[in-house]
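1. What shape does this take:
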Amino acid sequence: MRKVGYRLAAAGACAAMGLAVAGCGSGDAVKHDEHVLLLSIDGMHESDLADYVAAHPDSALAKLAARGAQYTNAQSPAPADSFPGLMALLTGGSPKTTGVYYDDTWARDLLPEATKDCATAKKGAQVPLTEEIDKKTDDLDGGQGLSGLPGGILAMTDDPSAVLDESKLPVDPATCKPISPSDYLKVNTVFSVVHAAGQRTAWSDKHPAYQIVNGKGGRSVDDLFTPEIDSKSPNGAAWTKDLDAVKQYDTYKADAIVNEIGGKDHSGTKQAAVPALFGMNFQALSVTQKLPASKGYTADGKPGAALSASLDFVDQQLGRFVGALDKAGLTGKTTIVLTAKHGQSPIKPDALTRVDDKPLIDAVNKDWAATHPDNPKLIAHSLDDAALLWWLTDRSPEATAFAKRKVLEFNGTGTDINGNPKPFTASGVDQNQVYAGADAVQYFGAATDDPRVPDLFAGTNGTVYTAGKSKIAEHGGSSPEDRNVPLLIVGSGITKHAVADQVSTTQVAPTILDRLGLDPHKLDAVNLEHTATLPS
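-> Predicted coordinates for the structure are as follows:
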């Protein structure tokens, strides 16, 4: 019944707006495609897409926009980080449902890594979904042991579970065994549904920890290519520290997509069916936005020269994908979904304040210990990028109120984009966006007994928490610049039009299944959150 209702609603909306999109026309059935290519340009804003298309009418992005539905008010969930952002796209759920609040969090219901005596161990564990859980963090293959790196990286395993170090994973007290990223996720993914339907799936991303995309219940991604971005590039630094190196890194994943479109696996050495659902994330723009050498955006909020070059690079890769689809005869059978896991903030250079969060954390713990000697460390775990996310050892109203008060009272001096001193108040947060205890639970819409929800969340407007001067932007908060991402859908039956309604990136997941002719209600999070497909 839901599908029928959606189609009728879509047809009515199309008639009202004069649009020719899927589901439009008298008595027409919804148009489906055989393949969906999902692309996340991490860090990209809707404004970046609009500006680029306007300035480059012959670009691949402009040509896609000329035949697609563009959602101009799409938002990723808060906190706008890579993992909750991607889980939104793949599950249809927000952190309260997926259980994934960030890429490095704290779980009160799990045991610390390498726990052996689970009967007596105290619950509470860090959950790093980062390079930290690779067998070898410095290796592009995560420790697989390939020769000829980096050029030979396409030979990397299609199952990154093989390069995860189980001794670095949190332990499930029920089984006393390490819990994998995919089992940490509380729900299934679009890959789970597509794979269960007997169709091939593939994905490429930046850490082996993205094994999480398999979702609850076992392996569902047939070809999962995850070269480690925080490994050492040929110049000896991480790929994320060099504007050219990160493009080289992204090219490996783009090569995998071209191979898959051509009927091979990601390595290009084995024949394979073209995936029904596949895609990748781009890191070049996000990294460029962060590095001081790029100089970021101009004073009026437009991409500077380095950012423009990164957008050009992404556009060139999109052109490769479109060309490969044309060559394979798949253009008329493929839906392309272009979006971003998260945006990046701040856009305007003068809004930046870099704040070292260590003195704040030390002060909170010190002041708490003065009156609570039996529990001297109040902050069990913190993750501060473009927001404060804290998990506390004491969750009482007294403790959470204390933490909030200390955040609002902490003043100091950070640095501006040029490295000059810049005073800040209230720890650099937006004083109207500080949620602690029950307020934090309510902010995320979580259950009161949620073992993963942060005890304190504080959003910012331009603050980046960093001890040095190595970043001029970051994500992970709740500001519009972190959350307002592009969303463009191109496919059979869709013609160019803009949708101004506010939508969530959680709506991408059920829409992907709808485009493939599969039931969105096969997704756990869609049922739990009643997530709708995208309008029009």
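
2. Going by C-alpha atoms from here, please, whenever you check contacts or count neighbours.
-> OK.

3. Now stretch 66-84 - C-alpha only, PDB.
-> C-alpha atoms of stretch 66-84 as PDB (Å, rounded to 0.1, in the frame of the first residue of the first chain):
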ATOM      1  CA  ALA A  66      20.600  19.400 -16.900                       C
ATOM      2  CA  ARG A  67      18.800  16.000 -16.700                       C
ATOM      3  CA  GLY A  68      18.200  15.500 -13.000                       C
ATOM      4  CA  ALA A  69      16.200  16.300 -10.000                       C
ATOM      5  CA  GLN A  70      18.100  18.700  -7.800                       C
ATOM      6  CA  TYR A  71      17.100  19.000  -4.100                       C
ATOM      7  CA  THR A  72      18.300  22.400  -3.100                       C
ATOM      8  CA  ASN A  73      17.500  22.000   0.600                       C
ATOM      9  CA  ALA A  74      18.900  18.600   1.500                       C
ATOM     10  CA  GLN A  75      20.300  18.100   5.000                       C
ATOM     11  CA  SER A  76      22.500  15.300   6.500                       C
ATOM     12  CA  PRO A  77      21.800  14.300  10.100                       C
ATOM     13  CA  ALA A  78      23.600  15.900  13.000                       C
ATOM     14  CA  PRO A  79      26.300  15.300  13.900                       C
ATOM     15  CA  ALA A  80      27.400  15.800  10.200                       C
ATOM     16  CA  ASP A  81      30.300  13.300  10.200                       C
ATOM     17  CA  SER A  82      31.300  10.700   7.700                       C
ATOM     18  CA  PHE A  83      29.900   7.600   9.500                       C
ATOM     19  CA  PRO A  84      26.500   9.000  10.500                       C
END
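
4. List of residues touching it?
-> Residues from elsewhere that reach stretch 66-84 (Cα atoms under 8 Å, 6 or more residues apart in numbering): 42, 46, 85, 88, 94-95, 100-103, 341-343, 475-478, 482-491, 494-506.

5. Among those, name the ones in strands.
-> Among the contacts of stretch 66-84, DSSP state E puts 484-485, 487-490, 497-499, 503-504 in strands.

6. Quick check: the farthest pair among those?
-> Greatest spatial distance in the ones in strands among the contacts of stretch 66-84: N484 and V490, 19.5 Å, computed using Cα to Cα.

7. Who has more neighbours out of the two?
-> Shown here are N484 and V490; by other Cα atoms under 10 Å, N484 has more neighbours (28 against 23).

8. Flag the shaky bits of the stretch 401-536 of the chain, pLDDT-wise.
-> Applying pLDDT under 70 to the stretch 401-536 of the chain flags no residue at all.

9. Please, where are all the strands along it?
-> 412-415, 421-424, 434-436, 456-459, 463-465, 484-485, 487-490, 497-499, 503-504 (DSSP state E, counting those that start in this stretch).

10. Export these as JSON lines, with columns for distance to D350.
-> Formatted as JSON lines, those follow (distance: least, Cα to Cα, whole Å):
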{"stretch": "strand 412-415", "distance to D350": "11"}
{"stretch": "strand 421-424", "distance to D350": "11"}
{"stretch": "strand 434-436", "distance to D350": "23"}
{"stretch": "strand 456-459", "distance to D350": "18"}
{"stretch": "strand 463-465", "distance to D350": "11"}
{"stretch": "strand 484-485", "distance to D350": "20"}
{"stretch": "strand 487-490", "distance to D350": "28"}
{"stretch": "strand 497-499", "distance to D350": "32"}
{"stretch": "strand 503-504", "distance to D350": "29"}
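
11. where along the stretch 301-450 of the chain do the helices fall?
-> In the stretch 301-450 of the chain, the helices defined using DSSP state H, counting those that start in this stretch lie at 305-327, 358-371, 397-409, 438-444.

12. Quick one: those helices as CSV, columns for distance to S182 and mean neighbour count too.
-> As requested, the helices of the stretch 301-450 of the chain are exported to CSV (distance: least, Cα to Cα, whole Å; neighbours: other Cα atoms under 10 Å):
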stretch, distance to S182, mean neighbour count
helix 305-327, 28, 18
helix 358-371, 31, 15
helix 397-409, 31, 17
helix 438-444, 22, 17
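
13. With distance to A50 as extra columns, can I get those helices in a markdown table?
-> What follows is those, written out as a markdown table (distance: least, Cα to Cα, whole Å):
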| stretch | distance to A50 |
| --- | --- |
| helix 305-327 | 12 |
| helix 358-371 | 38 |
| helix 397-409 | 37 |
| helix 438-444 | 30 |
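
14. Which among the ones you listed is found nearest to L140?
-> Nearest of these to L140, taken as Cα to Cα: helix 305-327 at 21.1 Å.

15. and the closest one, how far out from the chain's middle?
-> 20 Å (Cα atoms, centre = their mean, to the nearest Å).

16. ok, now stretch 163-174?
-> Offset of stretch 163-174 from its chain centre (Cα atoms, centre = their mean): 22 Å.

17. What distance separates the opening and closing residues of it?
-> Distance between the two ends of stretch 163-174: 24 Å, counting by Cα to Cα, to the nearest Å.

18. cool, stretch 52-72 as well?
-> This stretch, stretch 52-72, spans 14 Å end to end (Cα to Cα).

19. quick check, distance from it to the centre of its chain.
-> 23 Å.

20. Flag every buried residue along that stretch.
-> 52-53, 59-62, 64-72 (16 or more other Cα atoms under 10 Å).

21. where exactly do the strands run in the stretch 1-150 of the chain?
-> For the stretch 1-150 of the chain, strands defined by DSSP E, counting those that start in this stretch occupy the ranges 35-41, 68-71, 74-75, 104-107, 125-128.

22. closest one to S308 among those?
-> Minimum separation from S308 across the strands of the stretch 1-150 of the chain (Cα to Cα) falls at strand 35-41, 13.7 Å.

23. Sweet, I'm off.
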